[in-house]
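**Student:** Quick check, what structure comes out for this input:
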Amino acid sequence: MNLNVKLRLSVMMFLEFFIWGAWFVTLGTYLLTNLKTSATEVGVAFLTQSIGAIVAPFIIGLIADKFFSAQKILGVLHIIGAILLWMASSAPNFAAFYPYVLIYMIVYMPTLALVNSISFRQMTNPSKEFPPIRVLGTLGWIIAGFTIGWLGWEKNGTLDLTFKTAAVASLILGLFSFTLPKTPPVKKDSATTISDILGLDAIKLLKNRSYLVFFLASVAICIPLAFYYNFTNPFLNEVGMQGAAGKQAFGQVSELLFMVLMPFFFVRLGVKKMLAFGMAAWVLRYVFFAYGNIDSNYWMLIAGIVMHGICYDFFFVTGQIYTDNLAGERFKSAAQGFITLATYGVGMLIGFLISGPIVDSYKTGDNAHNWFHVWLIPAGIAGVVLVFFLLLFRDRTNMATNPKLDLDEPKDMTLEV
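**Tutor:** Sure, this is the predicted structure:
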């Protein structure tokens, strides 16, 4: 892959996640303070992510893989997205705002797979070439957060500018996409089934009892995860943290750090301990939020944010590696699609539905909540999931040998790294 292509893919990845980070982190605060919504409506707004995640495979499987080049679809979706974001910024109330964000997430979520597809198709050695390009995406999210915090849009009540900023970036990426390397459809002459699109062939992995435990834990742990996405920014602003969006970007900084350190931990801890530490980090993060404050326990708020690297990398990235290892060549793509649908689709959908009403039930006044009790609830859910996982997960397969799972026979394999 030549330098010109690498630079174009890096710019694409940076803009892709800058767009998302520019408005998504502060969405809850914008809705509660600017549009005067309830916490339940905040949950409904975030729920659009899960709807988009469920719809995305159909757009990719039925359109991108069959009829049109990926870079052209990426361009069209981002141009449409720019219009929707700009219109959302001027919506006077939640009823007018919601259709824009719903359609936008249905349009945006497929682009996450498209940028990966465009990148992989240009690479001869993705395991080495993709990480340096993908890291630009995380950097884009970080820059978006730092920018919002530096400009003080939360404090000034001008969070509508986040949507306009994201809209401009989306338009730029939409136009830029047509200059990306050609990525024609790969399944133009093949039949595509619903099972292919949703990765349902990978359901055979659930014959493995330990993988079934991991799968159920993955869905369940996404329920408390929804609390973090929905209400961390409103919580931090409510307790008085200055530049909360910028502080939250340190979570992505830690994600980068722990991603680099993962091989070190993987060899020493193994998969079960990695997954367990990831879930335990969710418990500890929410406990920090419950007991943290802007005064003597300010460090707890920062620690809860910085723990994002352990929360995400140790559980989700390790889980993706575990899934890839057990699936083998035949079911790799289907397995990753299946676990993504289950977590970001089903698990977070449940979390988005229940988190809003729970926060509403602890409302103590205008833009005031009893956050201590709110955060102990996701901490408790994550704790129950952790105990369930520790008691029932028994897989100790040596992943260094890259064994292939016999999908015809349910086995309780072991995992030692």
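**Student:** May I ask which helix or strand of this structure has the lowest mean pLDDT?
**Tutor:** helix 194-198 (a mean of 58; mean pLDDT, DSSP states H and E).
**Student:** and whatever helix or strand comes next after that helix, average pLDDT?
**Tutor:** Counting by DSSP states H and E, the next helix or strand C-terminal to helix 194-198 is helix 209-238. Model confidence over helix 209-238, given as mean pLDDT, is 91.
**Student:** And Asn293, how close does it get to Val115?
**Tutor:** 39 Å (C-beta to C-beta, to the nearest Å). In short, each C-beta sits where N, CA and C put it, glycine included.
**Student:** Those two - which one has more neighbours?
**Tutor:** Under the criterion of other C-beta atoms under 10 Å, the comparison of Asn293 against Val115 puts Val115 first, with 24 against 14.
**Student:** Run through the helices of the stretch 251-400 of the chain in chain order.
**Tutor:** 298-306, 308-309, 318-340, 348-361, 371-392 (DSSP state H, counting those that start in this stretch).
**Student:** buried residues in the fourth one?
**Tutor:** Of the residues in helix 348-361, those with enough neighbours to count as buried (16 or more other C-beta atoms under 10 Å) are 348-356, 358-360.
**Student:** now do stretch 216-228
**Tutor:** Buried-residue list, stretch 216-228, by 16+ other C-beta under 10 Å: 216-228.
**Student:** Poorly predicted segments of the stretch 201-350 of the chain, please.
**Tutor:** Along the stretch 201-350 of the chain, segments meeting pLDDT under 70 span 201-202, 324, 327-337.
**Student:** switch to 50 and redo it
**Tutor:** Of all residues in the stretch 201-350 of the chain, none has pLDDT under 50.
**Student:** how about the one residue sitting closest to the centre of the chain, what does it touch?
**Tutor:** By C-alpha atoms, centre = their mean, the chain has its centre lying nearest to Tyr344, at 7.1 Å. By C-beta atoms under 8 Å, 6 or more residues apart in numbering, the contact list for Tyr344 reads 49-50, 53, 222.
**Student:** got TSV for those, with distance to Ile172 and secondary structure too?
**Tutor:** As requested, the contacts of Tyr344 are exported to TSV (distance: C-beta to C-beta, whole Å; DSSP: H, G, I helix; E, B strand; the rest coil):
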residue	distance to Ile172	secondary structure
Gln49	23	helix
Ser50	27	helix
Ala53	25	helix
Cys222	32	helix
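**Student:** closest to Ile381 among those?
**Tutor:** Cys222 (10.2 Å; C-beta to C-beta).
**Student:** Not counting its neighbours along the chain, what's nearest that closest one?
**Tutor:** Gly347 (2.9 Å; C-beta to C-beta, 6 or more residues apart in numbering).
**Student:** From Thr33, how far out is that neighbour?
**Tutor:** 28 Å.
**Student:** now do Trp371
**Tutor:** Counting by C-beta to C-beta - Trp371 and Thr33 are separated by 16 Å.
**Student:** what about the closest residue to Thr340 other than its chain neighbours, neighbour count?
**Tutor:** Among residues not flanking Thr340 along the chain, Ala53 sits closest, at 7.0 Å (C-beta to C-beta, 6+ apart). Other residues lying near Ala53 total 22 when counted by other C-beta under 10 Å.
**Student:** In three-state terms, label Leu74 for me.
**Tutor:** helix (DSSP: H, G, I helix; E, B strand; the rest coil).
**Student:** In contact with it, which residues are there?
**Tutor:** With C-beta under 8 Å, 6+ apart, Leu74 has these contacts: 12, 111, 114-115, 118, 173-174, 177, 180.
**Student:** In those residues, find the pair that's most separated.
**Tutor:** Ile118 and Gly174 (13.8 Å).
**Student:** quick one, which of the two is more surrounded?
**Tutor:** Counting neighbours by other C-beta under 10 Å for Ile118 and for Gly174 shows that Ile118 has the greater number, 25 against 21.
**Student:** how about the more buried one, phi and psi?
**Tutor:** phi -60, psi -40 (degrees, to the nearest 10).
**Student:** roughly how far apart are it and Leu112?
**Tutor:** 11 Å.
**Student:** Next: Ile358.
**Tutor:** 28 Å.
**Student:** re the thing from before, the more surrounded of Trp371 and Thr33?
**Tutor:** More crowded of Trp371 and Thr33, by other C-beta under 10 Å: Trp371, with 21 against 18.
**Student:** and the more buried one, what pLDDT?
**Tutor:** Reading off the model, Trp371 has pLDDT 94.
**Student:** That one - nearest residue in space that isn't next to it in sequence?
**Tutor:** Of all residues not flanking Trp371 in the chain, Phe235 sits nearest, at 5.5 Å (C-beta to C-beta, 6+ apart).
**Student:** Settle this for me: the one you found is touching Phe289, isn't it.
**Tutor:** Yes. Using C-beta atoms under 8 Å, Phe235 is in contact with Phe289, at 6.8 Å.
**Student:** which one of these two has more residues nearby?
**Tutor:** Phe289 (27 against 24).
**Student:** roughly how far apart are that one and Pro224?
**Tutor:** Phe289 is 11 Å from Pro224, by C-beta to C-beta.
**Student:** follow-up on the earlier one: and Asp160, which of the helices of the stretch 251-400 of the chain is closest to it?
**Tutor:** helix 348-361 (21.6 Å).
**Student:** Point out the other elements, helices or strands, that the closest one touches.
**Tutor:** helix 39-59, helix 209-238, helix 371-392 (3 or more C-beta pairs under 8 Å, 6 or more residues apart in numbering; DSSP states H and E).
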